[in-house]
Structures are given as C-alpha cells and as structure tokens.
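> sequence unavailable; structure follows:
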C-alpha cells in the first residue's frame, strides 16, 4: 500500500493539538480591518478550535498528523 499524501493547503492552514483537536486561524482577518470594531479585531487574535464535523474533514486531509 503506498503512502498517503498530506494536502499542502491543509498543512499550511491547520494545526492538530496534542489532544487531537484541529486549530485554525479566524476568518475575516486578512484585510479591511479599518471597518471592523476593536472588539472584533481582539477576538480574532490567535487560533480557535474547529467544530467537530469540520475536524473530521480536515483530519482526512492530514493522514499522519493525528
């Protein structure tokens, strides 16, 4: 059986924590920050845990990072 390839886009965007949860950066933080409130900018800092159904999809893209 050949080795499975990891999706390059997934390994750049997501990180899997030690407990197996998928962490991702917040959406809406790339540009247009002048129109966002200070509260929004503050809350979008750092990484956040993805929802469980989305975690299953991302983990299928990263077969060896579990």
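Now that the structure is in, tell me what you want to look at. Keep in mind the model is a prediction, meaning the values are calculated, not measured. Numbering: from 1, shown residues only.
> can you give me the helices for the protein?
Assigned helices in the chain, in chain order: 8-13, 38-43, 52-61 (criterion: DSSP state H).
> just name the most buried of these.
Stretch with highest mean neighbour count among the helices of the chain: helix 52-61 (a mean of 13; mean count of other C-beta atoms under 10 Å). Glycine gets a C-beta too; all of them are placed from N, C-alpha and C.
> for the residue nearest the centre of the chain, list each beta-bridge partner.
Nearest residue to the geometric centre of the chain (C-alpha atoms, centre = their mean): residue 24, 2.3 Å. Counting by DSSP bridges, residue 24 is bridged to residue 14, residue 48.
> contacts only, for it.
Counting by C-beta atoms under 8 Å, 6 or more residues apart in numbering, residue 24 touches 13-15, 47-48, 50, 58.
> among those residues, which one has the most neighbours?
Counting neighbours by other C-beta atoms under 10 Å, residue 14 leads the contacts of residue 24 with 21 neighbours.
> compute the distance between that one and residue 50, please.
According to C-beta to C-beta, to the nearest Å, residue 14 stands 8 Å off from residue 50.
> joint contacts of these two?
22-24, 58.
> ok, so of the residues you listed, who is nearest residue 1?
residue 58 (22.5 Å; C-beta to C-beta).
> just checking, the closest one touches residue 14?
Yes. The pair residue 58 and residue 14 qualifies as a contact (C-beta atoms under 8 Å) at a distance of 5.3 Å.
> shared neighbours, the two?
22, 24, 50.
> as a markdown table, those residues with pLDDT and distance to residue 40 would be great.
A markdown table is the format used below for those (pLDDT from 0 to 100; distance: C-beta to C-beta, whole Å):
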| residue | pLDDT | distance to residue 40 |
| --- | --- | --- |
| 22 | 97 | 23 |
| 24 | 96 | 17 |
| 50 | 96 | 19 |
